[in-house]
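> any chance you could fold what I've pasted below:
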Amino acid sequence: MIRQPVALASLLLAVPALAQTCYEGAFGFPGFAGRPDVRLFGSAEVIGNELQLTPAAPDQVGAAWFAPFKPKFTDAWFMEFTFRLDGQSDGFALVLQNLDAWQGGTCGGSCLGYDGMEQSLAVEFDTFAFGPEIPDDHVSVQSNFAGPNSSGDGSSLVAAVLPFDLNDNQPHRARLVYDETNLTVWVDGQQLFSHPIDFTQGIASPEGCAVVGFTGATGGLYCRQIISDWAFGELGINVDTFSTVSDALPVGDAFFTGGALRLTQNVSGQAGAAWNLQKQIVVEPWVTTFEFRLDGQADGFAFVVQDQSFNALGGGGSGLGYAGNGPPGIARSLAVEFDTFSFSGLEAPADHVSIQTRFADQNSWDDADSLGLGVLPFDINDNQVHRAVIAYDGVVLRVAVDGVPIAQAEVDFADMSDGQAAWVGFTGATGAASASQDILNWRSGHSLGCLNTELLTFIFDQSANPGDLVEFHFDGSGSMPRTYQWYLNGDQVVDDGNILGSDTDTLVILSVGPEHAGLWNYGLFNDCSGVGSGFFFTVNPTCDPDLNQDGNVDQDDVLYLINVVGGGDNPSGIDPDFNQDGNVDQDDVAALINAIGGGGCP
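Okay, here's the model as predicted:
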């Protein structure tokens, strides 16, 4: 296709100055209707709840930016969006740029609306091959760093040809993950590439900030190019498959199977939950996305924010694992329930999404306790994969399923939390009807605050025999990075070959000795706080039951001690106070008999 110049006067209007400090938070667009934090240029417009970059018309150029904020891109982050293309060409791009006024290239068509933009990086989804370009359809990371960007293959840092057609008017899902070194891109669950990117090299500001948004264009051929939803956040929770408690801690009937988190089996009377052990800051903007699959009839599941405990679980059946139904509901919680069964006329028809809370009190499934409810326009108990986006902008919580906004409500999470943070996770339940309810993956981004450390488990007083191997372990939470330290009788412990893990959450003593007895303390620290606790560790005393020193431990040693206790001779010089209670009496004989019989030293 010939590159055709397009009038860009409307696109080159100056934008009011964007924020200079980094926006160290998350954002989510379950839908685009009524959102003041997206700025549109050129042919871009919001139609219904979707963002349309270009209509089905030739020679169009459109752009949409998250504004007036500049998120931080030099730390680890993830981004997801759903798009739909209905036509032939030319494509669109996700663009990061460090300009305070929107600047476009000099042409539409294969330029995709970003060509010529300085200090930028574009992840282009190109659906038309122009001249020597990579064959359509392809995804390419394009940048000349501080210089003007180009949509030509010479500016491609990495690219991959897609094995399927994007211009099919079907929803496709893109995911980008940056781990502070490599940018990895997936489309429809297929990893396309992973490539090192340094955003400080002319793309982001010195603070690591950049404007982010979408551009799109058409030329002689054209296409409706639509973004249905969009989410961005710090790479906090990033679970592609569930396999360990570091992904989520299963509670009740929940368990891992085949890389999925199964909240309930297709069996009646089940209730399960799973929680991320790291509390998340919930009073500031955050976003979470996950895919789920339900195979059966009832009752449903919920995404839950709660400040009760890391192993909380509510009732079964219509309680969905978060609300009271027999067992009490989870207190200080908010549940976004995906309910697939209408109970007793007190609930909306199945299937529906509802935002449920009783704030500090135990939560309830009753619609009277719903802040916002929406009936789903399709069946989710169909054994198909569905995707949810839940986004909180600090005031409004919004929920979308498969790109369709379903429910929203104003929420103040301070009303249900003792502080800034809470546990996040999933609950699910079955009653008389049942379903296998699986969470397939999960990503969540929260504000980049420092969360105070907190101990989740404690070590209690204990004892061991000399020579035993012992292990002490505790669990804690708090913002990363976290450090650990163990202390014995006030002195800092270091690894010495016999003691291992003195600066971890698990300390091992390979062979216990008397020098290990005393008051042990353990501490957990991060940049903003520290917390600790302690316990007493007793090393049982050693003893030699061969009191007559004849080389044998037997009845003769008992007779020897009886003689000494009775005032007889003590040629071996043993201490007759065998049980070390300060008295020489029959109790010492009983303690010796116990030791000879295998009961251990007193």
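> which stretches of the stretch 301-450 of the chain form strands?
With strands called from DSSP state E, counting those that start in this stretch, the stretch 301-450 of the chain shows them at 333-339, 352-357, 370-375, 386-392, 396-401, 404-410, 421-429, 435-445.
> give the next helix or strand downstream of the longest one.
Spelled out, that is strand 435-445. Proceeding N to C from strand 435-445, the next assigned helix or strand is strand 454-455, under DSSP states H and E.
> pairing partners for the helix or strand just after that following strand, with directions?
On the C-terminal side of strand 454-455, the nearest following helix or strand under DSSP H and E is strand 462-464. Counting by DSSP bridges, the strands paired with strand 462-464 are strand 530-539 (parallel).
> circling back to that earlier point, quick one: closest of the strands of the stretch 301-450 of the chain to residue 494.
Closest approach to residue 494 among these is made by strand 421-429 (32.4 Å; C-beta to C-beta). (Each C-beta comes from the backbone N, C-alpha and C, glycine too.)
> how distant is the closest one from the center of its chain?
The gap between the average C-alpha position of strand 421-429 and the chain average comes to 11 Å, counting by C-alpha atoms, centre = their mean, to the nearest Å.
> related to what we said a few turns ago, now the strands of the stretch 301-450 of the chain in TSV, with mean neighbour count and mean pLDDT?
TSV is the format used below for the strands of the stretch 301-450 of the chain (neighbours: other C-beta atoms under 10 Å; pLDDT from 0 to 100):
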stretch	mean neighbour count	mean pLDDT
strand 333-339	28	97
strand 352-357	26	97
strand 370-375	17	96
strand 386-392	23	96
strand 396-401	23	96
strand 404-410	19	96
strand 421-429	29	95
strand 435-445	25	96
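> now these in JSON lines, with distance to residue 86?
As requested, those are arranged in JSON lines below (distance: least, C-beta to C-beta, whole Å):
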{"stretch": "strand 333-339", "distance to residue 86": "29"}
{"stretch": "strand 352-357", "distance to residue 86": "27"}
{"stretch": "strand 370-375", "distance to residue 86": "26"}
{"stretch": "strand 386-392", "distance to residue 86": "20"}
{"stretch": "strand 396-401", "distance to residue 86": "20"}
{"stretch": "strand 404-410", "distance to residue 86": "17"}
{"stretch": "strand 421-429", "distance to residue 86": "34"}
{"stretch": "strand 435-445", "distance to residue 86": "27"}
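> nearest to residue 159, out of these?
strand 435-445 (24.5 Å).
> can you give me the buried ones in stretch 160-175?
For stretch 160-175, a neighbour-count test (16 or more other C-beta atoms under 10 Å) marks 160, 162, 166, 167, 172, 173, 174, 175 as buried.
> repeat for stretch 489-502
493, 499, 501, 502.
> which pair of those spans the longest distance?
Among those, the pair separated by the greatest distance (C-beta to C-beta) is 493 and 501, at 9.5 Å.
> what sits in contact with each of these two?
486, 507 (C-beta atoms under 8 Å, 6 or more residues apart in numbering).
> can you pull out the low-pLDDT segments for the chain?
Where the chain drops to pLDDT under 70, the residues are 1-21, 100-107, 131-132, 343-346, 418, 447-451.
> gap between the two ends of stretch 584-602?
Start-to-end span of stretch 584-602 (C-alpha to C-alpha, to the nearest Å) is 14 Å.
> you'd agree residue 253 is up against residue 264?
Yes. Between residue 253 and residue 264 there is a contact under C-beta atoms under 8 Å: 5.8 Å.
> neighbour count: these two, which is higher?
Higher neighbour count among residue 253 and residue 264: residue 264, with 32 against 21, using other C-beta atoms under 10 Å.
> once you drop chain neighbours, what's closest to the more buried one?
Ranked by C-beta to C-beta, 6 or more residues apart in numbering and with sequence neighbours excluded, the top spatial neighbour of residue 264 is residue 270, at 4.0 Å.
> ok, the one you found - how many residues close by?
Going by other C-beta under 10 Å, the residues that sit close to residue 270 add up to 25.
> got the contact list for it?
Counting by C-beta under 8 Å, 6+ apart, residue 270 makes contact with 252, 253, 264, 316, 428, 429, 430, 434.
> for the fifth one, give its distance to residue 303.
The spacing between residue 428 and residue 303, counted by C-beta to C-beta, to the nearest Å, is 10 Å.
> ditto for the last one
Computed as C-beta to C-beta, the residue 434 to residue 303 distance reads 20 Å.
> so those two - more neighbours on which side?
Counting neighbours by other C-beta under 10 Å for residue 434 and for residue 303 shows that residue 303 has the greater number, 24 against 20.
> the residue lying closest to the more buried one once chain neighbours are set aside and residue 356: what is the separation?
If the residues on either side of it in the chain are set aside, residue 303 comes closest to residue 336, at 4.6 Å by C-beta to C-beta, 6+ apart. Here the criterion is C-beta to C-beta. By it, residue 336 lies 8 Å from residue 356.
> same thing with residue 175?
Using C-beta to C-beta, one gets 29 Å for the distance from residue 175 to residue 356.
> mind saving the C-alpha coords of stretch 588-596 as CSV?
Extracted in CSV, the C-alpha atoms of stretch 588-596 (Å, rounded to 0.1, in the frame of the first residue of the first chain):
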residue,chain,number,x,y,z
ASP,A,588,15.8,-40.6,90.9
VAL,A,589,15.5,-44.4,90.8
ALA,A,590,12.2,-44.1,88.8
ALA,A,591,13.8,-41.6,86.4
LEU,A,592,16.7,-44.0,85.8
ILE,A,593,14.4,-46.9,85.1
ASN,A,594,12.5,-44.7,82.6
ALA,A,595,15.7,-43.7,80.9
ILE,A,596,16.9,-47.3,80.7
